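Enquirer: Any chance you can model this:
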Amino acid sequence: MVAWVIRAGKHGERAEWAWSKGFSGGGWYEAGPELLSCTTREEVQAHVERAYAHESTAIPNIIAQLWMLVGRIKVGDLIAMPIKQTREIALGWITTPLQYLDDQEDPEKRLVFGINWINRVPRTAVKQDLLYSLGATLTVFSPSRNQAEYRLKTLLETGTDPGIQQESLGKAAMAATVATAENEDPNVPTVQQDIEEMALDQISELISQEFTGHGLTRLISDILRAEGFHVEESPEGPDGGIDIIAGRGLLGLESPKILVQVKTPKVDRPVVQQLTGLVSSHEADYGLIVAWGGLTSAARQEVMGKRFRLKVWDAQDIIQAVLNNYDKLSSTTVQALPLKQIWVPVDTALP
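Expert: Predicted coordinates for the structure are as follows:
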């Protein structure tokens, strides 16, 4: 078994489709169905040089990744797919060789593997060193550092990252490495890390450390105040399902009037059902579920049926809300979460 990361678009835009349909994330539409007939790296190279002639600087990189798709990835291998929108990592097993879905209207959804998706884990459940190993900007690669293969398998099975195991794996496992694009072919540029994703992971880790327990409720209250809401925050302890009451106007009685439930662990269906009932009984306009650990599939389905009454903020939404309102947050929050803005060039040549 080998572990692979296959992304679902530059911004993860095909991730939910891939998860729901049981496929990998697609992409590489220029390669077309002809890629499936390539049986050697040399054939892949010749095909890429024809199909991607307009991408001259990226061709070595593309060759290496497409050869992984047709020549190296096997049924039974493990796949990890980052889901940017929810800051999760989907994990599953590859069940079919690479195939071309000619019935898909979107050409970016045609070159796929069949996948048995098993688990979705929040990035906050993954230790920083493993996140770094998963942080390459390549679309397809096999992470080799920090015992990634063993730890991804454990995450798939248990939802928990065991960290580096110095003794229990034995010498063979400790020495094993998996080739990536840069060590398979010296002509492929060194794998670049996704600086933005690394920064967001570090911010996420800092929030997890500094705003534990009721602290996350205080952070959400501060964000809502920065957005112009009058906020009433429930004291720490049993809250009857309402952590925050927010409304517009001097007294907070003007619409939109929002009830907020804040949860650090993954949220299941009963939480969604409870908040739905509270929104009705308290005559609020909307409910907001703050789900730092994400939603279970059952909870996600429940929310979809109430999308005009309930909104979910997952870790990605919380981080974005912090960044959007950072200059308006309280000094206490800023002291606990010190950040600064920097500007970096965008590499538009990345596949």
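
Enquirer: Provide a complete list of residue ranges assigned to strands in the stretch 51-200 of the chain.
Expert: 78-83, 88-94, 99-100, 111-112, 115-122, 140-141 (DSSP state E, counting those that start in this stretch).

Enquirer: Identify each buried residue in the fifth one, please.
Expert: What that stands for is strand 115-122. Of the residues in strand 115-122, 115, 117, 120-122 count as buried by neighbour count, 16 or more other C-beta atoms under 10 Å. C-beta here means a position set from N, CA and C on the backbone, and glycine is covered the same way.

Enquirer: Tell me where the stretch 51-200 of the chain has helices.
Expert: For the stretch 51-200 of the chain, helices defined by DSSP state H, counting those that start in this stretch occupy the ranges 59-67, 128-133, 148-158, 170-175, 181-184, 195-210.

Enquirer: Need the three-state assignment for residue 303.
Expert: With DSSP: H, G, I helix; E, B strand; the rest coil as the basis, residue 303 sits in helix.

Enquirer: right, and it touches residue 288 too?
Expert: No - assessed by C-beta atoms under 8 Å, residue 303 is found out of contact with residue 288, at 11.2 Å.

Enquirer: Touching both of these two, which residues are there?
Expert: In terms of C-beta atoms under 8 Å, 6 or more residues apart in numbering, residue 303 and residue 288 are both contacted by the residues 310, 312.

Enquirer: Quick check on residue 143: phi, psi?
Expert: The phi/psi pair for residue 143 (degrees, to the nearest 10) reads phi -70, psi 130.

Enquirer: okay if I get the buried residues of strand 115-122 as JSON lines plus pLDDT and distance to residue 141?
Expert: Listed next are the buried residues of strand 115-122 as JSON lines, based on pLDDT from 0 to 100; distance: C-beta to C-beta, whole Å:
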{"residue": "115", "pLDDT": "98", "distance to residue 141": "17"}
{"residue": "117", "pLDDT": "98", "distance to residue 141": "19"}
{"residue": "120", "pLDDT": "93", "distance to residue 141": "20"}
{"residue": "121", "pLDDT": "91", "distance to residue 141": "19"}
{"residue": "122", "pLDDT": "87", "distance to residue 141": "22"}
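
Enquirer: ok, so of those residues, who is nearest residue 308?
Expert: Of all those, residue 308 sits closest to residue 120, with 24.8 Å by C-beta to C-beta.

Enquirer: What separation do you get for residue 333 and residue 13?
Expert: 31 Å (C-beta to C-beta, to the nearest Å).
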